[in-house]
Each structure stands twice: as C-alpha cells, then as structure tokens.
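Chemist: Following is a predicted model, sequence given first.
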Amino acid sequence: MPACIEQKTKKYKSRSSPPYSAMDCKGSTKKGNDGATYISKPDKRGIYRWVKGVGVGDGTPKNKTIKRKSGSKSFLKNKITVLDMDADAFMKSADIKSPTEGMISKDGRVYIKNKWVNASSDKAILNGFRKFTVDYAAKHINKPVILYTREYGSKWPARNAWTKAAGNAENTYSRMKFIPNGDAGIMGRKKKFVNWLTTRSPPIKEGTHFYVDGKTFFCNNKAQRTSPYDCDPDEFLADGLQVDTKDKQTLSTNLMNTEVFVKV
C-alpha cells in the first residue's frame, strides 16, 4: 500500500483539500490547506476523494452557539443553539421560502432575476460567470478556456471573486487553463470516444467515471487578467475533466469538492 506522504507540488499546495493523495491515505483524516478537516472516503466506484468532515461543509448545516443575557426568556445555561444563516443552501429550491439573488440550492438550481433556473443551463449567468459545461466545451474545441474553480458554495460568485482584492486568489479560488480536444472517455479504459463533443456518442451512463479529454494547467495567479491568453500555464494538472453523469453537463476538476465557472 502506498505511503501517505505529504506532497510538495503546486497541484497539492494550491488546492483547498489536504496536500496528500486521497488514494494513498484511505480512511485517513487530514487538515486541508483551507484549515478544514477532511476524510479520505471512497465514492461508489471505489475511488478515494477528500471529503470535508461532518459539520464542515459536507452538507450538514453548521450550528452556532450564541450567548444570551441571564434575564432573557430563552436563557438556558447562558447558551442557545441556532442554525447557521447558510442553512438554506442545504435545502431544495422548492423548500426555500425567501431566496436571494445568486443563492444556490441543494438540487442544483440558482436564483436569478426572481426565479430558479438550472445552475448548468445557458440561462444561469450572473455577475459575468456561468458554469463550465459540456455544451460550452463543445463550442471551444482546441481553444484555451480559462476555468475559475472554487469549493462548492451556497452563493454564485461575485464579479471580483478571483481577485486578490477579494482575498481568494491564493486560497480556495484558483484559475486553470483547459483545452478540450473534442474527445472523451471513461477513466480506467484505454479506448477514447473520438470527436465525442461533436457526436455525443455514446451517451453518458450514470455512475461511470466519464471525462472530457484535453490538457489542464494550473495558472499563474499573479496576473489577474481575464484574456484566455493571459493565463500562463506553470504546471500541468491532468488530461481531461470529469462530467457529472447525473445532469450530463457539469464539468469539474473534482466533482467531490470543486465547481468550475467560466467568464462570459
């Protein structure tokens, strides 16, 4: 069994999860680069991924403890437990009573212009960002696409989310360059589906580890510019991006932890 050793490359140091290979640290608990606790857990395919621990962004609403004055009617040992304000993010859109602009629900919808829309649809554009999807990649075959990646959030990103001024540029927010070549495949299989982005054949089967092929690079975040050609690749990351086999559209560098946007 491979040793669970801290990795020193930028790939591991720049992400929010721990700087360790989840496959090499099966079942282990480690502190992430963002300070949160992560557990190496297998998905239904047996592939280990870093997942935030209970109560730390894993889908369980966080609780807060606040103090009350002794004269308050709700006084109970000077403490009372209330749900965090982000609790709505863990609810389905139909259950959220008072949605706000840019709120993202548990069922993958976003509230834009007073209505809920599918977060991966062409209508889901807010603050100059949209989700990176299979359809968008199909329109950019052999062209560099700048990816704006972050941990899953309960709100759509603000316009300046990936700038140093927002305090995110060197933390859980990062930029990458992806060049889709038109092909696709299933992880673990040598055969690739040539020109899949054009033909969409074969159809994606739910539960497979399907990916859209193409080289992915980490970008140099020192230059906070937006042109596709201003993102100098300084480290090769991987060949291909994962496809969410449920909605057949969403693309990500890691479907367990990360969501990816593009500027429009």
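Modeler: Now that the structure is in, tell me what you want to look at. Numbers count the residues shown, from 1 in each chain.
Chemist: which sections of the protein are below the confidence cut-off?
Modeler: In the predicted model of the chain, residues 1-2, 43-46, 53-89, 164-171, 221-230, 232-234 satisfy pLDDT under 70.
Chemist: Which parts of it belong to which domain?
Modeler: Under automatic domain parsing, the residue ranges defining each domain of the chain are 10-52, 127-263.
Chemist: now those domains as a markdown table including distance to Lys115 and mean neighbour count?
Modeler: C-beta coordinates here come from the backbone N, C-alpha and C atoms, glycine included. Formatted as a markdown table, the domains of the chain follow (distance: least, Cβ to Cβ, whole Å; neighbours: other Cβ atoms under 10 Å):
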| stretch | distance to Lys115 | mean neighbour count |
| --- | --- | --- |
| domain 10-52 | 30 | 17 |
| domain 127-263 | 14 | 17 |
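Chemist: Tell me which of those domains lies nearest to Ile112.
Modeler: Ranking the domains of the chain by proximity to Ile112 (Cβ to Cβ) places domain 127-263 first, at 7.8 Å.
Chemist: Report the distance from the closest one to the chain centre.
Modeler: 10 Å (Cα atoms, centre = their mean, to the nearest Å).
Chemist: Same question for stretch 124-139.
Modeler: In terms of Cα atoms, centre = their mean, the centre of stretch 124-139 is set 14 Å apart from its chain centre.
Chemist: what's the span of that stretch, first residue to last?
Modeler: Distance between the two ends of stretch 124-139: 17 Å, counting by Cα to Cα, to the nearest Å.
Chemist: So which residues make contact with that stretch?
Modeler: Defining contact as Cβ atoms under 8 Å, 6 or more residues apart in numbering, one finds that stretch 124-139 is touched by 101-102, 110, 112, 117-120, 122, 145, 147-148, 156-159, 161, 178, 180, 197-198, 212, 214, 241, 243, 248-252, 259-264.
Chemist: Secondary structure element holding Thr216?
Modeler: strand 210-219 (DSSP states H and E).
Chemist: Also Arg130?
Modeler: Per DSSP H and E: strand 129-131 holds Arg130.
Chemist: neighbouring strands for that strand, and are they parallel or not?
Modeler: With DSSP bridges as the test, strand 129-131 is paired with strand 125-126 (antiparallel), strand 258-263 (antiparallel).
Chemist: would you turn those strands into a markdown table with distance to Gly35?
Modeler: Output for these, formatted as a markdown table (distance: least, Cβ to Cβ, whole Å):
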| stretch | distance to Gly35 |
| --- | --- |
| strand 125-126 | 28 |
| strand 258-263 | 17 |
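Chemist: Which of those sits closest to Asn33?
Modeler: strand 258-263 (13.1 Å).
Chemist: which residues touch Asp183?
Modeler: Asp183 neighbours (Cβ under 8 Å, 6+ apart): 192-197, 212-214.
Chemist: Tell me if I'm right that Asp239 and Lys215 touch.
Modeler: Yes: shown here, Asp239 and Lys215 form a contact pair, counting by Cβ atoms under 8 Å, at 6.1 Å.
Chemist: tally of neighbours for Glu101?
Modeler: Neighbour count for Glu101, taken as other Cβ atoms under 10 Å: 13.
Chemist: just checking, it touches Val110?
Modeler: No: the pair Glu101 / Val110 is not scored as a contact, 9.3 Å apart, by Cβ under 8 Å.
Chemist: As a check, name the ranges of all helices in the stretch 151-264 of the chain.
Modeler: Under the criterion DSSP state H, counting those that start in this stretch, the stretch 151-264 of the chain contains helices at 196-199.
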